[in-house]
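Visitor: Take this sequence and fold it.
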Amino acid sequence: MEETKFIWMNGKMVPWKEATVHVLTHTLHYGTGVFEGIRCYDTKDGSAIFRLKEHAKRLLDSAHIMQMKVPFTQEQIESACRQIVKENNLKECYIRPLVYFGYGQMGLATKGCKVDVSVAAWPWGSYLGEDGIKNGIRVKVSSFTRHHVNVMPTKSKTVGNYANSTLAKMEALNSGYEEAIMLDAQGYISECSGENIFIVRDNEIITPPTTNALEGITRKSIIEVAKSFGYTVKEELFTRDQLYISDEAFLTGTAAEVTPIREVDNRTIGNGMPGPITKKFQSTYFDAIHGKVPEYKKWLDFVK
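Guide: From the prediction side, this is the model:
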């Protein structure tokens, strides 16, 4: 990770190396924090944060689900995100807001725990690699099941949820793949370890419903792009064998952006290269986030 100068902590700019927490911080022990991943892109009109309002709203929604009373408004969190980009002189970066129960109380109960908020930002390239963006990645259906909706709150980006994702991700990496696909408790495709998933069959776009997957902001953006091209987008359950025989497949996420899938469980998807629909969506998305598509400038929040 490339260090930057400052991290925003509870309303103050703190030098990177001094942005620390106590070893008895509640969330460190019990995984009760919530977070967001946000990207800022360099455009001809200056640096712009992608769908900042939606990300800040989802952060607060996650906190609400976890019964965390955040001591900052949505507008203050949005301002902190812009400020951290500006103070660190970043043109493009990844932004990580984190809401967590801080130091002062231990035990499982969170009643009375202090709620802290931090926002960090640093340069971060393609999460799954430039080659993955260009040529597609190999993925594995994980042996680890995505949380049942009554086991962990699947609409909250809760820190503790991602132990599940880490197990799946490491299993995939250790097996020679780049990413993991996770099934829900009923055995249907849910999402990847940190991304949503789409397949293309007979020119129809299919993605799992958000009843069993995170309400991805990049997912929402690609659905909008697909519909603008006249494609039907179905939000419905599908199985791993439907994925195997899909014409195209790709995943979406803030970190991964739009990444094609060329192989699943040693089975080639399509012709083993990014398909035409995937490439069309990918190209439009990358143009949009860099301010080159007027109709999608509404997605950009410029840092001034």
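Visitor: make it CA atoms for all contacts and neighbour counts henceforth
Guide: Fine.
Visitor: who does the helix or strand bottoming out on mean pLDDT in the chain touch, helix- and strand-wise?
Guide: Lowest on mean pLDDT, DSSP states H and E among the helices and strands of the chain sits helix 130-135, with a mean of 93. If you count contacts as 3 or more C-alpha pairs under 8 Å, 6 or more residues apart in numbering; DSSP states H and E, helix 130-135 packs onto strand 257-264.
Visitor: Excluding its own residues, what touches the strand it packs on? List them.
Guide: 126, 128, 132-141, 218, 244, 248-252, 268-274, 278, 282, 285 (C-alpha atoms under 8 Å, 6 or more residues apart in numbering).
Visitor: Which ones among those residues map onto strands?
Guide: Ile137, Arg138, Val139, Lys140, Val141, Glu248, Ala249, Phe250, Leu251, Thr252, Thr268 (DSSP state E).
Visitor: residues touching the fourth one, list them.
Guide: In this case it means Lys140. Counting by C-alpha under 8 Å, 6+ apart, the residues that Lys140 touches are Ala172, Tyr177, Glu179, Ala180, Ile181, Val264, Asp265.
Visitor: Not counting sequence-adjacent ones, nearest residue to the last one?
Guide: Right, Asp265. Sequence neighbours aside, Lys140 is the residue nearest to Asp265 in space, at 5.0 Å (criterion: C-alpha to C-alpha, 6 or more residues apart in numbering).
Visitor: rewinding a little: can you select the buried ones from the contacts of strand 257-264 in ChimeraX?
Guide: The buried residues among the contacts of strand 257-264 can be selected in ChimeraX (16 or more other C-alpha atoms under 10 Å) with this line:
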select :128,132,133,136,137,138,139,140,141,218,244,248,249,250,251,252,268,269,270,272,273,274,278,282,285
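Visitor: any idea which helix or strand carries Leu214?
Guide: Using DSSP states H and E, Leu214 sits within no helix or strand.
Visitor: For the closest residue to it other than its chain neighbours, give its distance to Arg138.
Guide: Spatial nearest neighbour of Leu214, chain neighbours left out: Lys155 (5.6 Å); criterion: C-alpha to C-alpha, 6+ apart. Look at Lys155 and Arg138: by C-alpha to C-alpha, to the nearest Å, they are 27 Å apart.
Visitor: mean confidence for the host helix or strand of Asp116?
Guide: Per DSSP H and E: Asp116 is located in strand 115-122. For strand 115-122, mean pLDDT is 98.
Visitor: Contacts for it, please.
Guide: Contacts of strand 115-122 (C-alpha under 8 Å, 6+ apart): 1-4, 6-10, 68-71, 80-81, 84-85, 88, 90, 93-102.
Visitor: how close does Val159 sit to Thr211?
Guide: 19 Å.
Visitor: For the residue nearest to Asp265, name its beta-bridge partners.
Guide: Applying DSSP bridges to Lys140 gives these bridge partners: Ala180.
Visitor: Looking at the contacts of strand 115-122, which are in helices?
Guide: Of the positions in those, Ala80, Cys81, Ile84, Val85 sit in helices, assigned by DSSP state H.
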